[in-house]
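**Student:** below is the structure, and that's it, no one-letter string:
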């Protein structure tokens with residue numbers, strides 16, 4: 001690793017640390033005024049329990065701040081934006097973008113770029129290549145996570161004709177599942 005690469009990495013780490021200090025102060029103000037948003041490196045996310053934000057969202061979004069994950073970040077940013085609309089249409093868009101972010105995450109993990117591949121096949125491929133955990137517990141969890149996400153996207157997301165619109169609760173569940181999935185794979 002060259003000195004230039006090392007300096008760039010240190011600068012990005014410092015910038016992220018400075019941002020996190022600013023965000024911490026701003027989020028305290030948001031909390032004092034009862035605002036239902038939380039500032040992260042990927043923009044504003046729905047207000048969550050402090051422990052969920054600190055132990056799941058923030059570490060995952062920090063890891064995803066790497067240029068490698070730009071497409072995933074764009075989709076998550078769109079998901080968070082849709083969620084903030086506080087409407088059935090926005091929640092359905094949030095579900096769709098969140099599931100697409102997981103698909104993009106797996107495509108980049110397996111192929112180095114976005115393109116093709118269903119989530120279930122990408123999970124199997126990533127496990128075969130030892131890119132994500134492959135123990136029995138993880139296999140069962142991933143199967144369940146994928147099933148929940150696909151079912152929710154199919155019934156309430158924008159990717160297919162909807163049977164119903166997503167609720168705030170549905171959208172938040174899918175966002176949380178996605179963050180936990182990514183965290184288990186990377187962090």
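**Tutor:** Received the coordinates, thanks. Note that this is a predicted model, so its numbers are computed, not measured.
**Student:** what about the strands in the protein?
**Tutor:** 37-40, 43-46 (DSSP state E).
**Student:** quick one: the first one to chain centroid distance?
**Tutor:** Here strand 37-40 shows a centroid-to-chain-centroid distance of 14 Å under the convention C-alpha atoms, centre = their mean, to the nearest Å.
**Student:** re earlier: need the strands of the chain in a markdown table with mean neighbour count and mean pLDDT, can you?
**Tutor:** In this view, the C-beta of every residue, glycine as well, is placed from N, C-alpha and C. Output for the strands of the chain, formatted as a markdown table (neighbours: other C-beta atoms under 10 Å; pLDDT from 0 to 100):
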| stretch | mean neighbour count | mean pLDDT |
| --- | --- | --- |
| strand 37-40 | 20 | 80 |
| strand 43-46 | 20 | 78 |
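**Student:** I'd like those written out as CSV, with distance to residue 69 added.
**Tutor:** Output for the strands of the chain, formatted as CSV (distance: least, C-beta to C-beta, whole Å):
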stretch, distance to residue 69
strand 37-40, 14
strand 43-46, 14
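**Student:** select, out of the ones you listed, the one closest to residue 62.
**Tutor:** strand 37-40 (8.5 Å; C-beta to C-beta).
**Student:** now do the closest one: everything it contacts.
**Tutor:** 23, 26-27, 30, 44-48, 53, 57-58, 61, 84 (C-beta atoms under 8 Å, 6 or more residues apart in numbering).
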